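> Quick check, what structure comes out for this input:
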Amino acid sequence: MMNTPQFGEDADVDSETHEQIGALTDNPDVGNKDSMCQSPEKREEEHHGIGKPSIPPPPAPVISKEDDGGLKRKADDNLSRRGKLRLKKKGDLIHMEADAHKIVQDKVFLDPKTLADVPPFYEANTRGISRKSTATPSWVWKFMHKFEVPQIVNGKTQTHICILCLDERGCKNWQGCALGTEKKKMTASQAQSHLEKVHREHTLVQRHMRPKITNYANFLTQKSEMLKQPMNETDLREELDSLGSMHVPVGCYYGAQTARSLQNFDIGIDIMPASIIRAFGVIKECCAKVNMQHGLLDSEICQLIVNASEEVIYGKLDSEFPVRIWQTGSGTHTNMNVNEVISNRAIEIAGGTKGSKSPVHPNDHVNKGQSSNDTFPSAMHIASVEDITHQLLPSIALLRDCLAEKAVEFRDIIKCGRTHLMDATPLTLEQEFSGYISQLDSNIVRIKDSLHGLYELALGGTAVGTGLNTPLDFDVQVAKAIAKYTGLPFVAGTNKFALISSCDAVVHTSGSLKTLAMSLMKIANDIRLLGSGPNCGIGELLLPSNEPGSSIMPGKVNPSQCEALTMVCCQVIGNDAAIAAGGMQGHLQLNTFRPMIIHNFLHSIRLLSDACKSFSIRCINGLKANREVIANYVERSLMLVTALSPHIGYDKAAEVAKKAHQENLTLRESVLSLGYLSEESFDKALGSQEALFNMTIPNIK
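Numbers count the residues shown, from 1 in each chain. Prediction:
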């Protein structure tokens, strides 16, 4: 149970002020940032993902019908007139500003008798606060909830009107702001129970775990379920790391270092992709087996690690990996997150107590012969190769095959070519699509070739590449074990120093993904241009109608699959820029931009895989040629005159085209009126379907 906060000196604030404060502070807008775990049942529903929607903000506090300015004036009139404090509204949050504080029992409390105005919130600098003396920094508290706690003062019970709040650093401090006293019956146990209820309610808004809130209704359902679970000291366990103790939710398998990372790196909602966690599971299992073969690990402990690692590999413990992308640049927090989860799950399997580090220790056993500096680069390579091999390449091949089927279907269609977006000589629609097919074939080759660098693993290099604390041939044996497990040709890196201090292989492969994105951009743009219309565009292709295209123009259908694919291409090119920038940051023996690099790289793989599949199924498969429009364009094309150049010369052919354009004549009419060819000669050169088809075949005699 949390101790009831001690509060500062009483202040003379009347009951009307209490009611006003309560109206302004019943706002669950800010969540406590140290509550890091849902129930095991809810955790099972969570899973990895990139770019998952964040938890929607709770509704704004219910206030009067007055506008913002009116609310602020009302608060100022009611409170500042007493010279005690001032409330301000900014957005949906109500803030209290003050520049005087009292340091009580290693915690910061507002001194209500010396409150005054300060500069705008979030500009506060509190690093210089002394924990042993009174300080007066600019500090801002966010109101969360009003509650009452009884105090014994001079033998009489008085009730403090207090505000539960969270400081801008995100610390877990149940701060009590002594705003006054009021005689009201409330026992200490009732106050404590109320405090815990508030704790449960307000920590639902921002949780340190994998968010999967698809809509606000689902969020409220989860909130309702979680409020049924009591929050007391039995829900927490104490774990130790080298810096001291940390409280960890009992239901979670992660430990002190993960909890510390969540506290120190509450940056964004981006978490490590599932494929990285899977890769770590493979690494931990294979390393345990090799360590056992060398007699460095007991067989029973090895089997416990293998069993727990299998659960990590197959995603059964996905919700136990909440560490953010934006952490230490080596990925140490993710490595320790995995070590702790495997250790505690193995302990649980063995019938032990989670957090005891016995019989399986996260460092001494799970991380044996390893360092974050060689495991994280190896996990990057394993995850990248698996995702490219099993997701991206099959998706590209699917799109390539769909385009090939359409090319065969369009084989007999002769169409007008276009260069500089202007009319050009004819080609077949099959030939046009063959260009797309060849682009994708080349991209497949480029991506496969780039994988050779990713097959090399840094495992066995440990901290800086020397292999300290590993047995002989550890790197080779682990790489073989990983290759056997994954069915992919992973090998021990030839130079661990390069693999640990740089990310060249990932940067190189990212370049091939950028090239693929550029090819897909061209293909998607061509198809939506050729499908533009239906009556006022090019209109040579008929795109499938998947959904209404406008909220105001009835009947409008847009090339939405093309638009989605081109947006993905832009994102991939942007990801590559971030990856390249991170790849340049290999200072001395370690690159410290790895989490950001792999986050963007796997994001690109996922986007390209999904977009190619969607474009194939929902666009290319339903694509049709508008034969009537295509034939009309060919008949009216002036660039067919190019076939006459060998017969009448370039200058005369240009004259024929110019006359036809200015006088709205056909090429036949123009050339006959100028007398450059007879009707029979024109028909032989250009007047038949066979003659047109011959124009599309190179080197024909």
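
> Give the residue spans of the chain that score low on pLDDT.
Confidence mapping of the chain against pLDDT under 70 gives the ranges 1-234, 698-701.

> so Met695 sits right up against Val641, yeah?
No: in this structure Met695 lies outside contact range of Val641 using C-beta atoms under 8 Å: 11.2 Å. For the C-beta atoms, the positions are set from N, CA and C on the backbone; glycine is no exception.

> Can you tell me, leaving aside adjacent residues, what's nearest to Ala611?
Counting by C-beta to C-beta, 6 or more residues apart in numbering, Ala611 lies nearest to Val568, which is 4.2 Å off, once chain neighbours are set aside.

> ugh, wrong one, I meant Ala654
Leaving out its chain neighbours, Ala654 is closest to Val641 (C-beta to C-beta, 6+ apart), at 7.8 Å.

> Can you report phi and psi for that neighbour?
Main-chain dihedrals, Val641, degrees, to the nearest 10: phi -60, psi -20.

> Which neighbouring elements make contact with the helix or strand harbouring Cys402?
In this assignment (DSSP states H and E), Cys402 forms part of helix 393-409. Helices and strands touching helix 393-409, by 3 or more C-beta pairs under 8 Å, 6 or more residues apart in numbering; DSSP states H and E, are helix 429-454, helix 594-615.

> looking at those helices, which is buried most?
Neighbour counts (mean count of other C-beta atoms under 10 Å) averaged over each of the helices and strands packed on helix 393-409 peak at helix 594-615, with a mean of 23.

> what angle do that helix and helix 429-454 make?
Relative orientation of helix 594-615 versus helix 429-454 (axes from the mean of the first three to the mean of the last three C-alpha atoms, to 10 degrees): 160 degrees.

> can you list the residues that contact stretch 416-430?
With contact meaning C-beta atoms under 8 Å, 6 or more residues apart in numbering, stretch 416-430 is reached by 407-408, 410-415, 540, 625, 630, 633-634, 637-640, 642-643, 692, 695-696.

> and the gap between Leu236 and Ser358?
From Leu236 across to Ser358, the span is 20 Å (C-beta to C-beta, to the nearest Å).

> the more surrounded of those two?
Leu236 (15 against 12; other C-beta atoms under 10 Å).

> wait, what's in contact with the more buried one?
By C-beta under 8 Å, 6+ apart, the neighbours of Leu236 are 247-250.

> do Ala308 as well
Residues in contact with Ala308, defined by C-beta under 8 Å, 6+ apart, are 341-343, 345-346, 349, 360.

> Report the buried members of the residues you listed.
341-343, 345-346, 360 (16 or more other C-beta atoms under 10 Å).

> Relative to Leu399, which of the residues you listed is nearest.
Among those, Val341 lies closest to Leu399 (C-beta to C-beta), at 37.7 Å.

> quick one: which helix or strand includes the closest one?
Using DSSP H and E, Val341 falls in helix 332-349.

> Also compute the angle for that helix relative to helix 594-615, please.
Comparing the axes of helix 332-349 and helix 594-615 via the same axes, to 10 degrees yields an angle of 80 degrees.

> which strands and helices sit next to helix 332-349?
So helix 332-349, by 3+ C-beta pairs under 8 Å, 6+ apart, packs with helix 256-264, helix 274-293, helix 299-313, helix 372-387.

> and Asp364, which of those is closest to it?
Nearest to Asp364 among the helices and strands packed on helix 332-349 is helix 299-313 (9.6 Å), distances taken as C-beta to C-beta.

> Would you reformat the buried ones among the contacts of Ala308 as a markdown table and include distance to Thr494?
Converted to a markdown table, the buried ones among the contacts of Ala308 look like this (distance: C-beta to C-beta, whole Å):
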| residue | distance to Thr494 |
| --- | --- |
| Val341 | 32 |
| Ile342 | 29 |
| Ser343 | 32 |
| Arg345 | 35 |
| Ala346 | 34 |
| Val360 | 33 |
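
> Looking at those residues, which one is closest to Ala498?
Using C-beta to C-beta, the buried ones among the contacts of Ala308 come closest to Ala498 at Ile342, 28.9 Å.

> I'd like to know how far the nearest residue to that closest one once chain neighbours are set aside sits from Gly461.
Nearest residue to Ile342, sequence neighbours excluded (C-beta to C-beta, 6+ apart): Ala308, at 4.4 Å. As judged by C-beta to C-beta, Ala308 and Gly461 stand 25 Å apart.

> try Ser512
Distance of Ser512 to Gly461, given as C-beta to C-beta: 26 Å.
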